[in-house]
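Chemist: Provide a 3D model corresponding to the input given below.
(2 chains)
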Amino acid sequence: MGTYVLRRLLQSIPVVLFSTFIVFLVIHLIPGDAAAVLAGPNATPEALAAIRKEMGLDQPLLVQYVLWVGHLLQGDLGKSTLSGQPISKLLQARAPATLELAVTAMLIAMLLALPLGVLSATHVRGRLEWIISMIQSLWLAIPSFWAGILAIILFALVLRWLPPGGRVADGNNIGDSIKSLILPATTLALYIAATLSRFLKFNLLEVFFDDFVRTARAKGLNEQAVVYKHAMRNAMLPVITILGVQFASLLGGAIIIESVFSWPGVGGMMIDGISNRDYAVVQGGLLLLVMLFIVMNLLVDLTYAFIDPRIRLGDA
Amino acid sequence: MAVESASGVVSTPRAVAVAPHFRKSPHPLQAALVRTWRNPLGMFGILILGFLAFMAVGAPLISPYDPIVQHQGKELLGPNSEFWLGTDELGRDLLSRVIYGARPSLVVALMVVMIGGGLGIAAGLLAGYLGGWVNAVLMRFFDAMFAFPAVLLGFVVIAALGPGTTQVAYAIALAVVPSVGRLSRSLVLKERHRDYVLAARCTGAGSGRVMFLHVLPNAVSPMIVNLALIMGFSVLLEASLAFLGLGTQPPTPSWGAMLNSSRAYLRNDPWMAICPGVVLALLLLGLNYLADALRDAFDPRRVNAGL
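Modeler: Next up, the predicted model:
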């Protein structure tokens, strides 16, 4: 296990380097560099050159990248061009909201996907499976932001059960906090749940034809034990891998859902950054989300290896 | 129809043994397309796609008003005889805007399939057929790209190029290259050791010829299914980015942007949020069903086995 962990950690280094380089490039791809934005339209060439020098923009790209990574490692993500606030502070204010939304959605999705996947696999070609898969494919065709809007119309404006948007992050008012979380988290979760349960179903069906399941049935185990003790364990392995991939679409989806429900997370910050041409902010948000995703994938791979010895021993 | 009956013959194993002796079977691709059309889900998908494509192309002919003309004093009307779907906050006809809104969706989907699909297939062919360092470099590149959720990749490209329909198409095309590339690489790996590839090489065909004229046609059916899925993905992502204000810019209508501007009027004018959403969902549903039907059509054994 130790060698596997080490090998997997080493493998993720190039991915981290490449993706941070892409994030780093955001500032440099934009037409008119950050110095010009900071100096304003009436700056003299000398003043511009001074600012460029001060920001290190006159150095070669790779040198700038290394310097930037050096700053990152010290927790310095730069400053917002617009407000002058440090990016790390902005992220500290915004990240908890996004994380709360993403993690809650993931939990709801797993709670829904497991029973749905098992039910449609055990009732394959039956009426129940047909109904579940009909709802799933209808659901997957509804864009999340439209589903969110419809949910707001129904649950907030017509029925008045839940607030239409915003986040209550008040420690004294847990009831309202949970209420404000329900609509965004569930909207986000249902997509992941639809994909996950489909995936679980196909995996279960594949496993159902394996020899060990036939053996389990042949030795007279009841159906419950066959499904849950034998088939599930083996069908879950690919599902755990897909969780890592799903986490990416969850983060992407969270950005959109945040915008639907006026949820004050990292997504809104980045969209504001793009429209204000405040690219340091966009960069900070990107960096956070991409790092989250890489760490999540690393964890998934390690869990996978921990559960299935074939992975860590296979191609060592 | 002759074609239909021919394909019907081919799809049943019992008749296959007989058929080749007296009837030339249709091209497999043609047979698969006929099977797709005969599948109710596939037919639904093709009809929806055709209808919306007709709407997009014929928009100037069928829409009752100019989609960006503001009818003053007629803002936020509900459906009525003058404006069938009502008007938006600036007094623009919603029906015309919904009809014109099909354009960015379909244009982006087509561009993504051509640019992203083309680049991905080419990259996958190169990686799978040539192997070695080409394979290593491309696969590491794909791995790294996977670290970016597609929406974020969209943010990066749009931050660099500015918001707009074409920029969104480039962003999504870039986002699909790794998955198309991986798929086509895996298909090529399966094909490259087949006898026909060896035979082609024996006759002196070069790598390029073998890759594009021999391997590619044999790997085409999973790619077509994949491209249908990618169209759905592009439509969804285009609408999402437009919803976030990063796609097609006002006053040009797009479904995503229309849904975004409806958010301020949900309490009193919910219909503004209904129509663009319904057509968008129909298009996505149609594309999903089409992809499912194509997958079944290309692999009849799958249907017969019940999987």
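Chemist: can you list the weak-confidence ranges in the stretch 51-200 of chain A?
Modeler: Within the stretch 51-200 of chain A, the segments meeting pLDDT under 70 span A:55, A:170-171.
Chemist: show me where it has helices.
Modeler: Along the stretch 51-200 of chain A, counting by DSSP state H, counting those that start in this stretch, helices occupy A:61-73, A:87-122, A:127-141, A:144-151, A:174-208.
Chemist: residues of the stretch 151-300 of chain A that sit close to chain B?
Modeler: Along the stretch 151-300 of chain A, the residues adjacent to chain B under the rule Cβ under 8 Å from any Cβ of the partner chain are A:152-153, A:157, A:164, A:205, A:245, A:248-249, A:251-253, A:255-256, A:259-260, A:270-271, A:273-275, A:279, A:282, A:286, A:289-290, A:293-294, A:297. Every C-beta, even on glycine, is put in place using the N, C-alpha and C of the backbone.
Chemist: for PyMOL, what selects the buried ones among the residues you listed?
Modeler: Selection of buried members from those for PyMOL, criterion 16 or more other Cβ atoms under 10 Å in any protein chain shown:
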select buried, chain A and resi 152+153+164+205+245+248+249+251+252+253+255+256+259+260+270+271+273+274+279+282+286+289+290+293+294+297
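Chemist: following the chain past whatever helix or strand residue B:124 lives in, name the next helix or strand.
Modeler: Assessed by DSSP states H and E, residue B:124 sits inside helix B:118-130. Going down the chain from helix B:118-130, the next helix or strand is helix B:132-146, by DSSP H and E.
Chemist: can I get the helices of the stretch 51-200 of chain A in TSV with distance to residue B:259?
Modeler: As requested, the helices of the stretch 51-200 of chain A are exported to TSV (distance: least, Cβ to Cβ, whole Å):
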stretch	distance to residue B:259
helix A:61-73	37
helix A:87-122	20
helix A:127-141	15
helix A:144-151	6
helix A:174-208	14
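Chemist: tell me which of those sits most buried.
Modeler: When you average the neighbours per residue for each of the helices of the stretch 51-200 of chain A (mean count of other Cβ atoms under 10 Å in any protein chain shown), helix A:144-151 leads with a mean of 23.
Chemist: hmm, back to that, now what about the helix holding residue B:124, what contacts it?
Modeler: Helix B:118-130 has contacts (Cβ atoms under 8 Å, 6 or more residues apart in numbering or on different chains) with B:134-135, B:138-139, B:173, B:176-189, B:192, B:207, B:210-212, B:215-216, B:223.
Chemist: from the residues you listed, which land in strands?
Modeler: Using DSSP state E, no member of those falls within strands.
Chemist: drop anything exposed from these.
Modeler: Neighbour counting over those (16+ other Cβ under 10 Å) leaves B:135, B:138-139, B:173, B:176-185, B:187-189, B:192, B:210-211, B:215-216, B:223 as the buried ones.
Chemist: what parts of the stretch 151-300 of chain B come near chain A?
Modeler: Counting by Cβ under 8 Å from any Cβ, the stretch 151-300 of chain B sits next to chain A at B:151-152, B:155-156, B:158-160, B:162-163, B:236, B:239-240, B:243-246, B:256, B:259, B:262-263, B:266-267, B:270, B:273, B:277, B:280-282, B:284-285, B:288-289, B:292.
Chemist: restricted to helices, list the residues you listed.
Modeler: Members of these lying in helices (criterion: DSSP state H): B:151-152, B:155-156, B:158-160, B:236, B:239-240, B:243, B:256, B:259, B:262, B:273, B:277, B:280-282, B:284-285, B:288-289, B:292.
Chemist: give me the residue from the stretch 151-300 of chain A nearest chain B.
Modeler: Using Cβ to the nearest Cβ, residue A:252 is the residue of the stretch 151-300 of chain A that sits closest to chain B, at 3.6 Å.
Chemist: who are the contact partners of that residue?
Modeler: B:149, B:150, B:151, B:152.
Chemist: same check, this time on residue B:148
Modeler: A:19, A:22, A:248, A:290, A:293, B:156, B:175 are the contacts of residue B:148 under Cβ under 8 Å, 6+ apart.
Chemist: could you check the pLDDT of the fifth one?
Modeler: When you say that, I think you mean residue A:293. Listed pLDDT for residue A:293 reads 82.
Chemist: would you agree it falls within a helix?
Modeler: Yes. According to DSSP: H, G, I helix; E, B strand; the rest coil, residue A:293 belongs to a helix.
Chemist: helix/strand/coil for the residue nearest in space to the middle of chain A?
Modeler: Centroid-nearest residue in chain A: residue A:251, 2.7 Å away (criterion: Cα atoms, centre = their mean). State at residue A:251, reduced to three classes by three-state DSSP: helix.
Chemist: doesn't residue A:288 make contact with it?
Modeler: No. In this structure, residue A:251 is not within contact of residue A:288 by Cβ atoms under 8 Å, at 9.7 Å.
Chemist: residue A:178 and residue B:161: what is the separation?
Modeler: Counting by Cβ to Cβ, to the nearest Å, the separation of residue A:178 from residue B:161 is 41 Å.
Chemist: and for residue A:279?
Modeler: Residue A:279 sits 13 Å away from residue B:161, going by Cβ to Cβ.
Chemist: same thing with residue B:220?
Modeler: Distance from residue B:220 to residue B:161, by Cβ to Cβ: 32 Å.
Chemist: next: residue A:146.
Modeler: Separation of residue A:146 from residue B:161 (Cβ to Cβ): 26 Å.
Chemist: so which bits of the stretch 1-150 of chain B are right by chain A?
Modeler: When proximity is defined as Cβ under 8 Å from any Cβ, the stretch 1-150 of chain B approaches chain A at B:140, B:141, B:143, B:144, B:146, B:147, B:148, B:149, B:150.
Chemist: at 6 Å what do you get?
Modeler: B:143, B:144, B:147, B:149, B:150 (Cβ under 6 Å from any Cβ of the partner chain).
Chemist: give me the subset of the residues of the stretch 151-300 of chain A next to chain B lying in strands.
Modeler: Among these, the subset assigned to strands under DSSP E is empty.
Chemist: which phi and psi does the residue most central in space within chain B have?
Modeler: The residue lying closest to the centre of chain B (Cα atoms, centre = their mean) is residue B:231, at 1.4 Å. Phi and psi for residue B:231, reported as degrees, to the nearest 10, are phi -60, psi -40.
Chemist: verify the stated contact: it with residue B:286.
Modeler: No. Counting by Cβ atoms under 6 Å, residue B:231 does not reach residue B:286; the two are 9.9 Å apart.
Chemist: remind me which residues of chain B are low pLDDT?
Modeler: In chain B, residues with pLDDT under 70: B:1-24, B:147, B:300-307.
Chemist: mind checking the SS state of the residue lying farthest from the centre of it?
Modeler: Most distant residue from the mean C-alpha position of chain B: residue B:73, 40.0 Å away (Cα atoms, centre = their mean). Using three-state DSSP, the structure places residue B:73 in coil.
Chemist: cool, the one 3 residues further on as well?
Modeler: Using three-state DSSP, the secondary structure recorded for residue B:76 is coil.
Chemist: count of residues packed around it?
Modeler: 15 (other Cβ atoms under 10 Å in any protein chain shown).
Chemist: so who does it touch?
Modeler: Counting by Cβ atoms under 6 Å, 6 or more residues apart in numbering or on different chains, residue B:76 makes contact with B:89, B:269.
Chemist: and if we set it to 8 Å?
Modeler: Residues in contact with residue B:76, defined by Cβ under 8 Å, 6+ apart, are B:86, B:87, B:88, B:89, B:265, B:268, B:269, B:272.
Chemist: got it, and residue A:254?
Modeler: A:98, A:101, A:102, A:105, A:188, A:265, A:267.
Chemist: try it again with 6 Å
Modeler: Contacts of residue A:254 (Cβ under 6 Å, 6+ apart): A:98, A:101, A:102.
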